[in-house]
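> I need the structure of the sequence given here:
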Amino acid sequence: MPGATGGWRWRWAAGGSEAEVSRAGGRAVLAALRGLGIEAEPVEGARAVIEGALAGRIERVFVMLHGRDGEDGRLQGALELLGVPYTGSGPLASALALDKVRAKRLWQALGIPTAEFAEVAPEETAEAVALRFGLPCVVKPVHEGSTVGIGIARDLPGLARALDEARRHDPAVFVERLLVGGEYTVGILGGEALPAIRIVPASGFYDYHAKYHAADTGYLIPCGLPSAEEERLQRIALEAFAALGCRGWGRVDLMLDRSRPALRARSQYRPGHDRPQPGAEGGGGGRDRLRSGWCCGSSRPASRRREA
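Numbering: from 1, shown residues only. Model prediction:
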């Protein structure tokens with residue numbers, strides 16, 4: 001489809017610290033791009049992307065790397081320096097979106113609702129954390145996505161196990177107040193909030209397995225909220241997304257804690273799912289628009305390069 005790409009050749013980039021998620025999502029994107037007649041080839045990992053760009057083999061990049069190396073701003077910064085257009089947010093927004101603690105601090109400063117939290121010192125014991133913060137709580141690595149390393153702690157032994165698991169993935173760990181209520185995600189596409197999706201994990205906990213492997217996780221659209229309440233979630237999602245400087249496309253996860261919306265710890269600037277989700281259809285034009293057509297026209301250009 002020559003008119004869609006202006007003669008450019010696309011590469012989608014998978015890999016990163018969440019390689020399984022990246023590869024699955026990348027395959028879906030590759031199929032969508034090729035289905036639109038766009039010339040596209042896969043590239044595995046951030047280093048291979050940079051090497052290909054340096055060698056002149058890569059002209060623009062559909063970034064599908066999840067976790068560190070892909071979402072922390074380093075790849076985006078390198079592509080900026082090399083003048084290679086890419087999809088998604090820039091280096092600073094990417095780094096902030098992956099750093100849960102700094103994102104939450106920014107949201108707090110702007111009055112955007114987010115769950116109470118506290119950082120955990122590397123040597124801090126479960127007993128000290130429980131005394132300082134209380135139980136139950138959620139334990140999370142600061143710099144991971146896709147619910148990697150996340151655990152719910154309801155007692156001291158559970159807190160000790162959750163801290164050990166989170167520290168396996170990241171030396172920087174924090175705890176967050178356990179929210180009780182409905183879980184929602186709001187996709188954002190080109191400055192527009194898509195319809196909210198209610199997430200209903202059969203296990204009651206939307207962990208890595210529920211997100212990527214379980215066949216019984218429910219994604220409900222319409223989400224079941226009154227229109228005014230859904231619009232409130234959409235406004236908060238747009239505010240949170242803009243506060244981090246994100247652009248293009250992504251999603252924001254929220255929970256209704258006793259009818260008060262509170263952001264979960266992360267605003268994602270690319271959806272971390274390999275299977276089709278109903279929100280992709282909600283913005284008009286279907287999931288091909290989300291995965292390829294719209295994003296082809298929104299690749300972020302560096303200041304010294306041609307528009308993508």
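> Tell me how many other residues crowd residue 96.
Here the number of neighbours of residue 96 (other Cβ atoms under 10 Å) works out to 22. C-beta coordinates here come from the backbone N, C-alpha and C atoms, glycine included.
> Over to residue 89?
27.
> again, but for residue 181
14.
> Quick check: the gap between it and residue 61.
38 Å (Cβ to Cβ, to the nearest Å).
> can you give me the helices for the stretch 101-250 of the chain?
Secondary structure of the stretch 101-250 of the chain, counting by DSSP state H, counting those that start in this stretch: helices at 126-133, 156-169, 208-212, 227-243.
> Just send those helices back as TSV, with mean pLDDT and distance to residue 87 too.
Putting these into TSV (pLDDT from 0 to 100; distance: least, Cβ to Cβ, whole Å) gives the following:
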stretch	mean pLDDT	distance to residue 87
helix 126-133	98	38
helix 156-169	97	26
helix 208-212	74	21
helix 227-243	95	15
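> Same list (these) but as a markdown table, adding distance to residue 37.
Putting those into a markdown table (distance: least, Cβ to Cβ, whole Å) gives the following:
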| stretch | distance to residue 37 |
| --- | --- |
| helix 126-133 | 54 |
| helix 156-169 | 40 |
| helix 208-212 | 30 |
| helix 227-243 | 31 |
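> Would you mind saying which of those helices lies nearest residue 80?
Comparison of these against residue 80 by Cβ to Cβ identifies helix 227-243 as nearest, at 20.3 Å.
> tell me which residues of the closest one are tucked away?
Under the neighbour-count criterion of 16 or more other Cβ atoms under 10 Å, helix 227-243 has 229-230, 232-234, 236-243 buried.
> could you dump that helix to PDB, C-alpha only?
Provided in PDB are the C-alpha atoms of helix 227-243 (Å, rounded to 0.1, in the frame of the first residue of the first chain):
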ATOM      1  CA  SER A 227     -22.100   7.200  31.300                       C
ATOM      2  CA  ALA A 228     -21.000   9.900  33.700                       C
ATOM      3  CA  GLU A 229     -18.800   7.600  35.700                       C
ATOM      4  CA  GLU A 230     -17.200   6.100  32.500                       C
ATOM      5  CA  GLU A 231     -16.500   9.700  31.300                       C
ATOM      6  CA  ARG A 232     -14.900  10.500  34.600                       C
ATOM      7  CA  LEU A 233     -12.500   7.500  34.200                       C
ATOM      8  CA  GLN A 234     -11.700   8.600  30.600                       C
ATOM      9  CA  ARG A 235     -10.900  12.200  31.800                       C
ATOM     10  CA  ILE A 236      -8.600  10.900  34.500                       C
ATOM     11  CA  ALA A 237      -6.900   8.600  32.000                       C
ATOM     12  CA  LEU A 238      -6.300  11.400  29.600                       C
ATOM     13  CA  GLU A 239      -4.900  13.600  32.400                       C
ATOM     14  CA  ALA A 240      -2.600  10.900  33.600                       C
ATOM     15  CA  PHE A 241      -1.300  10.100  30.100                       C
ATOM     16  CA  ALA A 242      -0.700  13.800  29.300                       C
ATOM     17  CA  ALA A 243       1.000  14.400  32.700                       C
END
